[in-house]
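Asker: Generate a structure from the sequence data that follows.
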Amino acid sequence: MKSPAPKWKAPVANWTRWLHIYLSMFSFIIVLFFAVTGLTLNHVDWFPESVSNTEVDDHLNPAWVNAADTAKINKLAIVEHLREKNKIHGQINDFRLEDEEVSISFQGPGYTADVFIDRQKGTYHLAETRMGIFAIMNDLHKGRDTGKAWSWVIDFSAIFMTIISLTGLILLLFLKKRRNNGLLWAIIGGIISLVLVFYCM
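Answerer: The predicted structure follows:
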C-alpha cells in the first residue's frame with residue numbers, strides 16, 4: 001500500500017506551476033528580445049546596417065562658453081540648447097573644457113554625437129551618427145550607453161529567466177514518468193555546455 005503524499009507536495013507543485021506559467025508569459029517579450037539579439041549580436045555580418053551621418057555647423061550664446069572661470073561655464077544651458085535645436089539624444093559621455101574649445105560627446109544605443117564649440121565665437125560643429133535598428137538592439141542587449149532604467153530591465157530579465165528555469169526544473173521533479181529522462185537530458189545538456197565553455201576558453 002502506497003503511503004500518502006506529503007501535505008506540502010500539492011501546494012508546492014501548484015505554486016511552482018503558477019510561477020512558471022505566469023512569469024514566462026509576463027517576461028515573454030523581453031526574454032524573446034534577448035534571445036533574438038543574442039543571434040544578431042553574434043552574427044553582425046548577417047544583418048547589414050544602414051548608417052546615417054550628419055554634420056551641422058551652427059552657433060550658440062558665446063557667454064555660455066567663454067567665461068574666464070571654467071566653473072562658470074553654463075553646461076546645462078549648452079546641453080539643453082543642443083538637445084532642443086539639433087534633436088540630440090543619448091547620455092553625455094564626456095564634457096571636456098579646453099582653453100579654446102569645449103567638446104561634448106553624447107552616446108546612446110546605436111547613436112553617437114560629438115560637438116566641438118569655439119569658446120571665443122560660440123560657433124560649433126556637430127558630427128552625428130545614427131545606426132540602424134539592429135545596432136540599437138545589439139547595444140540594448142549589451143546594456144551599452146542605455147542608462148539606469150535599462151540596466152534595471154536587464155537585471156529583472158535575468159531574475160525572471162533564473163526563476164523560470166528553476167521552476168521548470170522543480171515541475172519536472174513532480175512528473176514521475178518523465179523525471180528520469182528529463183534529468184538525464186538536463187545532465188547531458190550541462191555536460192555539453194561545460195565542454196563547449198572549456199573548449200572555447
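Asker: what's the domain layout of this protein?
Answerer: For the chain, automatic domain parsing gives the domain ranges 9-46+135-190, 52-130.
Asker: Counting by contacts, list what the longest helix anywhere in the chain packs against.
Answerer: Longest helix in the chain, counting residues (DSSP state H): helix 147-173. Applying 3 or more CB pairs under 8 Å, 6 or more residues apart in numbering; DSSP states H and E, one finds that helix 147-173 makes contact with helix 9-26, helix 28-42, helix 176-200. To be clear about C-beta, it is placed using only N, CA and C from the backbone, and glycine gets the same treatment.
Asker: Comparing the domains of the chain, which comes out most buried?
Answerer: Mean neighbours per residue, mean count of other CB atoms under 10 Å, is largest over the domains of the chain for domain 52-130, with a mean of 15.
Asker: average model confidence for that one?
Answerer: Here domain 52-130 scores 91 as its mean pLDDT.
Asker: Phi and psi next, for the closest residue in space to residue 65 that isn't next to it in sequence.
Answerer: Closest residue to residue 65 apart from its sequence neighbours, by CB to CB, 6 or more residues apart in numbering: residue 119 at 4.7 Å. Backbone torsions of residue 119, given as degrees, to the nearest 10, read phi -70, psi -20.
Asker: ok, back up a step: could you dump the domains of the chain to JSON lines with distance to residue 198?
Answerer: Below are the domains of the chain laid out as JSON lines (distance: least, CB to CB, whole Å):
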{"stretch": "domain 9-46+135-190", "distance to residue 198": "13"}
{"stretch": "domain 52-130", "distance to residue 198": "33"}
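Asker: Nearest approach to residue 197 belongs to which of these?
Answerer: Distance to residue 197, taken as CB to CB, is lowest for domain 9-46+135-190 among the domains of the chain, at 10.5 Å.
Asker: Straight-line length of the closest one, end to end?
Answerer: Using CA to CA, to the nearest Å, the end-to-end distance of domain 9-46+135-190 comes to 27 Å.
Asker: Distance from it to the middle of the chain?
Answerer: Distance of domain 9-46+135-190 from its chain centroid, counting by CA atoms, centre = their mean, to the nearest Å, is 16 Å.
Asker: Give the rounded mean pLDDT of it.
Answerer: Rounded mean pLDDT across domain 9-46+135-190 is 88.
Asker: hmm, back to that, for the domains of the chain, which one sits closest to residue 200?
Answerer: Between residue 200 and the domains of the chain, the shortest gap by CB to CB is with domain 9-46+135-190, which sits at 12.4 Å.
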